[in-house]
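Visitor: After the sequence you'll find the predicted model.
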Amino acid sequence: FCLGAAAGAAAAPTPQQAEQLGHQAYRYGFPLLEALRVRAEETSVRCPDGMGNSPVNSFSNARGFARPEDRTVVAPNTDTLYSIAHLDLGRGPIVLKHPDMGKRYFVFELVDPYTNVIGYIGTRKTGSAAGRYAISWTHKAGPKPADVKGTIRSQYRRVWMIGRTLAKNLVNKDTGEV
């Protein structure tokens, strides 16, 4: 009895082809693994901790500016306050509500598991007036929530929301707190 390649089966890749396939697999898989790493690190708390960590589907608002040693993400801005949320859209849309931001610049960036931006809510895209926006999974959209100005749809169940609010000139010089 002989176990050989079936008729018509693909030949084994050459070393060069195997190396090329390895590079492609890395480019495909690395963003997913990095997103899982960040998600696990930032959602491993029972309640928001004021440093960017909070349970799934809740916000953590940083109380101060990022420091040079803060490296959950590569290079955070140093004049910006961050609000971080990891969303699970499996139970239906999540609504983001924000107050009138006046002249203050802000943006909520929504990122898929591959770290591609799927939408923005903020000064440049939706304006600074108070608003309510739905974020929904295309596979489980459900009814549109009432009184929303718009909907951002994700083809992925999990979305990373990174809020940035420009806050230079708001620092208490004595405490460093905003």
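Guide: Nice, thanks for sending it over.
Visitor: Give the bridge partners for the residue nearest to Leu89 when sequence neighbours are not counted, please.
Guide: Once flanking residues are discounted, Leu89 sits nearest to Trp137: 3.7 Å by Cβ to Cβ, 6 or more residues apart in numbering. Quick note: C-beta positions are derived from backbone N, CA and C, even for glycine. Beta-bridge partners recorded for Trp137 (DSSP bridges): Ser154.
Visitor: and the gap between Trp137 and Leu81?
Guide: For Trp137, the distance to Leu81 equals 28 Å [Cβ to Cβ, to the nearest Å].
Visitor: Those two: which is more packed in?
Guide: Taking neighbours as other Cβ atoms under 10 Å, Trp137 and Leu81 compare with Trp137 leading, 22 against 19.
Visitor: Does the more buried one touch Thr151 like I think?
Guide: No. Look at Trp137 against Thr151 with Cβ atoms under 8 Å: they stay out of range, at 11.1 Å.
Visitor: State the helix or strand in which the spatially most central residue of the chain lies.
Guide: Nearest residue to the geometric centre of the chain (Cα atoms, centre = their mean): Trp160, 2.0 Å. Per DSSP states H and E, Trp160 falls inside strand 158-166.
Visitor: and that strand, what does it pack onto?
Guide: If you count contacts as 3 or more Cβ pairs under 8 Å, 6 or more residues apart in numbering; DSSP states H and E, strand 158-166 packs onto helix 15-42, strand 80-88, strand 106-111.
Visitor: can I get the CA coordinates of the helix or strand following the shortest one in CSV?
Guide: The C-terminal neighbour of strand 106-111 among helices and strands, as given by DSSP H and E, is strand 117-122. Output of strand 117-122 as CSV, limited to C-alpha atoms (Å, rounded to 0.1, in the frame of the first residue of the first chain):
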residue,chain,number,x,y,z
VAL,A,117,-10.9,52.6,9.3
ILE,A,118,-14.6,51.9,8.6
GLY,A,119,-15.9,55.3,9.7
TYR,A,120,-15.5,58.5,11.6
ILE,A,121,-17.8,60.5,13.8
GLY,A,122,-16.4,64.0,14.6
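Visitor: Would you indicate which residues of strand 117-122 are buried?
Guide: Ile118, Gly119, Ile121, Gly122 (16 or more other Cβ atoms under 10 Å).
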